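Student: let's see this in three dimensions:
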Amino acid sequence: MIDRRNFIKQSVLAYTTLKFFSPLHTLAAEQNKSLVAICESADHRRAVRHSVKMAGNMENFIAKGDTVAVKPNMAWARKPEYAANTNPAVVAEVVKLCYEAGAKKVYVTDNPCNSPRSVYALSNIPVLAQKEGAEVFIPQSRHYKDMNLGGKFVDDWSVLEIFHTADKVINVPVAKHHGSSRITVSMKNWLGAVGGFRGLLHQNLHQAIVDLASFFKPTLNIVDCTRILMANGPTGGSIDDVKRLNRVLVSTDQVAVDSIAAGYLGTSAEKVEFIRLAENQGLGTSDKNKMNVLYEKI
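Tutor: All right, here's what the predicted structure looks like:
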């Protein structure tokens, strides 16, 4: 039993902890668990804002004066409703939150698979992100630099330099079915952050995914599950392939969010090789018992 003196002492300690540490620390780090915040809302911008708040507010990840690089999935010449690219409203709200937290400059880019101009036009991401003050650009040769990734399969490779030099990097993928890797969420999204002949990466795709995820080490993963592509990924084929979940997931743990998204996509972490490899290499956890999953519907 706690007496009055110990109760007051513990209350002061709890207040101090809450004052100086975000929920990400107080709810997860103390328990050695990965926090995943999930918000469901038909208002997708509101879902982003609230899920980030649940994870500790953007101010705990972005400092005043930071240069921020935002990496959406902006690879395919498809309109937003087909869920082949990240929801443009999700990307725009991430940019807005970064500036509210004090970011000096926010960049948004991706190395597309289809014609860059078609992708950038049809995805609608540049228009909404620019309205929030982001600098959106189609990568040119000058934006890449050869770097050593130190991976088990990927060593020297051409990298979009902004994702290495920015003060903070925010990964904003969409959750989709994928014909080669079964799913694509946060970790596979990094294939859009490199140049070169990416077809070579498919020779050992799952290890390549882990090598890239290990190299880029995002500050935060904000996963678009507002509309998810259940089949015919990564490009999508029909509106019938799309499922509306209205959810946004936020975590610093790429493995954890990919594991949860795998369930949404009709599979499991155990069936996705790159998730298993990433966990074995210490990038995160797929074990629900080692996660602190917060869910709110608003």
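
Student: going forward, measure contacts between C-alpha atoms and count neighbours the same way
Tutor: Will do.

Student: give me the phi and psi angles of Pro234.
Tutor: When quoted as degrees, to the nearest 10, the phi and psi of Pro234 stand at phi -90, psi -10.

Student: sorry, slip of the keys, the one I care about is Thr226.
Tutor: The phi/psi pair for Thr226 (degrees, to the nearest 10) is phi -70, psi -50.

Student: what about Ser180, is that helix, strand or coil?
Tutor: Here Ser180 is coil, with the state taken from DSSP: H, G, I helix; E, B strand; the rest coil.

Student: try the one 10 residues further on
Tutor: Under three-state DSSP, Trp190 falls in the helix class.

Student: and it, how many neighbours does it have?
Tutor: Per other C-alpha atoms under 10 Å, the neighbour tally for Trp190 reads 28.

Student: tell me the contacts of it?
Tutor: Residues in contact with Trp190, defined by C-alpha atoms under 8 Å, 6 or more residues apart in numbering, are Ile209, Leu212, Ala213, Phe216.

Student: same check on Ala166?
Tutor: So Ala166 contacts Asp66, Thr67, Val68, Ala69 (C-alpha under 8 Å, 6+ apart).

Student: quick one: it from Gly65, how far?
Tutor: 11 Å (C-alpha to C-alpha, to the nearest Å).

Student: tell me what the helix or strand where Lys53 lies is packed against?
Tutor: Following DSSP states H and E, the helix or strand that holds Lys53 is helix 44-54. Packing partners of helix 44-54 (3 or more C-alpha pairs under 8 Å, 6 or more residues apart in numbering; DSSP states H and E): strand 34-40, helix 88-100, strand 242-251.

Student: CA atoms only: put the shortest one into CSV for me.
Tutor: These are the backbone C-alpha positions of strand 34-40, laid out as CSV (Å, rounded to 0.1, in the frame of the first residue of the first chain):
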residue,chain,number,x,y,z
SER,A,34,7.8,0.3,-29.8
LEU,A,35,4.9,2.7,-29.8
VAL,A,36,2.6,2.7,-32.8
ALA,A,37,-0.1,5.4,-32.8
ILE,A,38,-3.1,4.8,-35.0
CYS,A,39,-5.9,7.3,-35.7
GLU,A,40,-9.0,6.6,-37.8
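
Student: state the number of residues packed around the nearest residue to Tyr120 once chain neighbours are set aside.
Tutor: Leaving out its chain neighbours, the residue that sits closest to Tyr120 by C-alpha to C-alpha, 6 or more residues apart in numbering is Pro126, at 6.4 Å. Counted with other C-alpha under 10 Å, residues neighbouring Pro126 total 24.

Student: for Pro126, grab phi and psi.
Tutor: phi -60, psi -40.

Student: numbering from 32 from now on, please.
Tutor: Noted, 32 is the first residue going forward, which turns the last one into Pro157.

Student: tell me which element Asp177 falls in.
Tutor: strand 175-179.

Student: so who does Ala152 touch?
Tutor: Counted by C-alpha under 8 Å, 6+ apart, Ala152 has contacts Ala108.

Student: how much space separates it from Asp177?
Tutor: On the measure of C-alpha to C-alpha, Ala152 and Asp177 end up 29 Å apart.

Student: show me where the chain has strands.
Tutor: Along the chain, the segments classed as strands by DSSP state E run 65-71, 98-103, 136-139, 166-167, 175-179, 187-191, 199-203, 205-209, 213-215, 251-260, 273-282, 322-328.

Student: nearest to Val121 among the ones you listed would be which one?
Tutor: strand 251-260 (6.9 Å; C-alpha to C-alpha).

Student: next, the angle from the closest one to helix 119-131.
Tutor: 170 degrees (axes from the mean of the first three to the mean of the last three C-alpha atoms, to 10 degrees).
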